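J.: After the sequence you'll find the predicted model.
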Amino acid sequence: MASPDADKGELIRVEDVSFNYGGLPVLKDISFTISAGDFLAILGPNGSGKTTLLRVILGLARPEKGRVFILGKPAETFAGRELIGYVPQKATHFDPLFPASVREVVAMTLRSGRGRESRKAEEAEIRRALDIVGMTGVMDRRIGRLSGGQQQRVFIARAIVRKPRILFLDEPTAGVDAETQDRFYDLLGSLHAEEKITIVLVTHDIGIINKHVTKVACLNQRLVYHGTHDHFCSSGALRELLDGGRHLVSHRH
Amino acid sequence: MSAFFAYAFLQRALAAGLCLAAACAVLGVFLLLRKDAMIGHGLSHVAFAGIAFGLLVGRWPIAVALAVSVGAALGIMKLREAAGIHGDTAIAVVSSLGLAVGVILASVSGRFNASLLGYLFGDILAIEPAEVIFSAALAAGVLAVTVIFYRRLMFMTFDRDAAQAAGVPVRRLDALITILTALTIVLGMKIVGILLVSALLVIPAAAGLRSASRFRGAVLGAGLIAGLSIILGLASAYILDWPASGTIVIAAFLMFGITFVFRKK
């Protein structure tokens, strides 16, 4: 079964999704779409279901009700996984002694090629991805030796090495200082503008919406707002969210 | 020393031991990085119950141990996923049950004799030619799986969620690694015994991980240390007239100690 609007530049369609955990509702009747070219920020306080929603979209969790379509195909049977890049919330929480170089981490998503030509092509892809995130200088360094901000850049390189059409990031700047966060969001802005990658960013940092974001979805078990960034700022929804959302962070850029 | 290689039973012991070492080293690196170091210990207890049952009914103790271990390994996986139990807790529950059942069966059968003791402490010097072939097939299987799925295994070991989102079949690969681990445990039982087989899964891999800063280096280092442990252990056991299984594990431990001299970059 294909999504009816799959041919209108629509990448993701979330239809009436509900999810429970241990009998408690986490997501209730969520419906929205993500189109090619969006830079969508999914905002919400802690426990609002942001990460769960992302996991449902990516097929890592199965909803009790509703469906998700990726490029018109049901998420559970979607085969074009190379079109999706993902940086999980706890990406930097790996074992720091894990014996992998930056090059090996970026290559993880690639299929091993045989022969000199294929290895050369693979090396070029890895270099290109690391160049975009500004990390070619540390290719042979062990991943555990890098700072949190550098590791996040490497994980983005890993997520974009297969040239995805859409990149999902879950709280990518958690635990990173404000200056590094600014540089990080600028990197996402350039991926969106120059590499034409659709970006979906889960965050509780309201400051992000002032910079590169084109669309905003506010979540608190239910979808309480979904629209353009400009409308979000002018509609009073931002003030309402700031007043009511005690667990949200207002990070100034 | 040349006499060491002149005996057919020692040649078989060396060949089977080296094959087991290769399988243990490769699997061990993945298991340790997944914080599954104790799964070998747990499955060896379950295999003990299988051996005891086989001896009780008087048929195919190895085959029964194999079936029970594979079943238990998959059971541990299910316990973690479905019941939300931590990995070490699931292993402890299943291995305690295995040991309890094994003790009862051994007692009921009245056959807690030399056969069972042979499985508890291993008998590498009594390896049959067929067991050498089985060892070689197992090692070839483990190495083939590692080569074919190398990146996907490394990816899911490093970041399971990202690997799954990227299309890596993490559950199927989990099952594959778990089944290969169970097979390795049962083979290792005959060589170093139920009580020491988990040492071969853990110690060389821990040494390899300590001394390498690249994944490939850790796997190769673990293989080298496991192989040297078998060679040095067998040679020392022959010269000193010590039990081979214990001497192999001591050799592995000494090499693990040596890795503390070196530091990762």
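T.: The structure has been received and is ready for your questions. Numbering: from 1, shown residues only, chains lettered A, B, ... in the order given.
J.: Spatially nearest residue to the closest residue to chain A within chain B (excluding sequence neighbours)?
T.: For chain B, the residue closest to chain A is B:Gly167, as judged by C-beta to the nearest C-beta, at 3.1 Å. For every residue, glycine as well, the C-beta is placed using N, CA and C. Of all residues not flanking B:Gly167 in the chain, A:Arg81 sits nearest, at 3.1 Å (C-beta to C-beta, 6 or more residues apart in numbering or on different chains).
J.: Would you mind listing the residues in contact with that neighbour?
T.: Neighbouring residues of A:Arg81 by C-beta atoms under 8 Å, 6 or more residues apart in numbering or on different chains: B:Ala165, B:Ala166, B:Gly167.
J.: ok, of those, which one's closest to B:Ile51?
T.: B:Gly167 (40.4 Å; C-beta to C-beta).
J.: What residues does the closest one make contact with?
T.: For B:Gly167, the contacting residues are A:Ala79, A:Arg81, A:Glu82, by C-beta under 8 Å, 6+ apart.
J.: before we move on, what about A:Ile160?
T.: A:Ile160 sits next to A:Gly85, A:Ala129, A:Ile132, A:Val133, A:Leu167, A:Leu191, A:Glu195, A:Ile197 when contact means C-beta under 8 Å, 6+ apart.
J.: Relative to B:Ile239, how far out is the residue of chain B closest to chain A?
T.: Distance, B:Gly167 to B:Ile239, using C-beta to C-beta, to the nearest Å: 53 Å.
J.: near chain A, which residues of chain B?
T.: Within reach of chain A by C-beta under 8 Å from any C-beta of the partner chain, chain B has these residues: B:33, B:150-151, B:154-155, B:158-159, B:161-167, B:209, B:212-215, B:217-218, B:264-265.
J.: how about 7 Å then?
T.: Contact residues (C-beta under 7 Å from any C-beta of the partner chain) of chain B with chain A: B:33, B:150-151, B:154-155, B:158-159, B:161-162, B:164-167, B:209, B:212-215, B:217-218.
J.: near chain B, which residues of chain A show up?
T.: Checking chain A against chain B by C-beta under 7 Å from any C-beta, the hits are A:58, A:60, A:81, A:84, A:86, A:88, A:91, A:94-95, A:98-101, A:104, A:107-110, A:112, A:142.
J.: Which of those residues fall in helices?
T.: Using DSSP state H, A:Glu104, A:Ala107 are the members of the residues of chain A next to chain B that sit in helices.
J.: which residues in the stretch 51-200 of chain A form strands?
T.: Remark: strands assigned in the stretch 51-200 of chain A by DSSP state E, counting those that start in this stretch are A:65-70, A:73-74, A:84-87, A:166-170, A:198-203.
J.: Point out the most buried one among these.
T.: Each of those was scored by mean neighbour count; the highest is strand A:84-87, a mean of 26, by mean count of other C-beta atoms under 10 Å in any protein chain shown.
J.: and that one, how far from the chain's centre?
T.: Its chain's C-alpha centre and that of strand A:84-87 lie 6 Å apart, by C-alpha atoms, centre = their mean, to the nearest Å.
J.: So which elements touch it?
T.: helix A:148-160, strand A:166-170, helix B:160-165 (3 or more C-beta pairs under 7 Å, 6 or more residues apart in numbering or on different chains; DSSP states H and E).
J.: run the last query once more with 6 Å
T.: Applying 3 or more C-beta pairs under 6 Å, 6 or more residues apart in numbering or on different chains; DSSP states H and E, we find strand A:84-87 packed against helix A:148-160, strand A:166-170.
J.: So what touches that strand?
T.: A:Phe155, A:Ile156, A:Ala159, A:Ile160, A:Pro164, A:Ile166, A:Leu167, A:Phe168, A:Leu169, A:Pro172, B:Ala162, B:Ala165 (C-beta atoms under 6 Å, 6 or more residues apart in numbering or on different chains).
J.: contacting residues around the first one?
T.: Going back to what we said before, that points to A:Phe155. By C-beta under 6 Å, 6+ apart, the contact set of A:Phe155 is A:Val87, A:Ala91.
J.: B:Leu209 and B:Ala218 touch, don't they?
T.: Yes. B:Leu209 lies in contact with B:Ala218 (C-beta atoms under 6 Å); the separation is 5.0 Å.
J.: before we move on, the earlier item: out of the strands of the stretch 51-200 of chain A, the one nearest B:Val142 is which?
T.: That would be strand A:84-87 among these, by C-beta to C-beta, at 29.8 Å.
J.: tell me the mean pLDDT over that closest one?
T.: Taken as a whole, strand A:84-87 carries a mean pLDDT of 95.
J.: what's the following helix or strand after the worst-scoring helix or strand of chain B on mean pLDDT?
T.: Here the helix or strand of chain B ranked lowest by mean pLDDT, DSSP states H and E is helix B:2-6, holding a mean of 71. Moving toward the C-terminus from helix B:2-6, the next helix or strand (DSSP states H and E) is helix B:8-33.
J.: Low-confidence stretches in the chain?
T.: Looking at chain A here, since you left the chain open. A:1-8, A:113, A:175, A:209-210, A:236-253 (pLDDT under 70).
J.: ah, I was thinking of chain B
T.: B:1-4, B:83-84, B:111-114, B:263-265.
J.: For it, which segments are assigned as helices?
T.: Under DSSP H, chain B gives helices at B:2-6, B:8-33, B:39-57, B:61-82, B:87-109, B:114-121, B:129-148, B:150-158, B:160-165, B:170-192, B:197-211, B:215-240, B:244-258.
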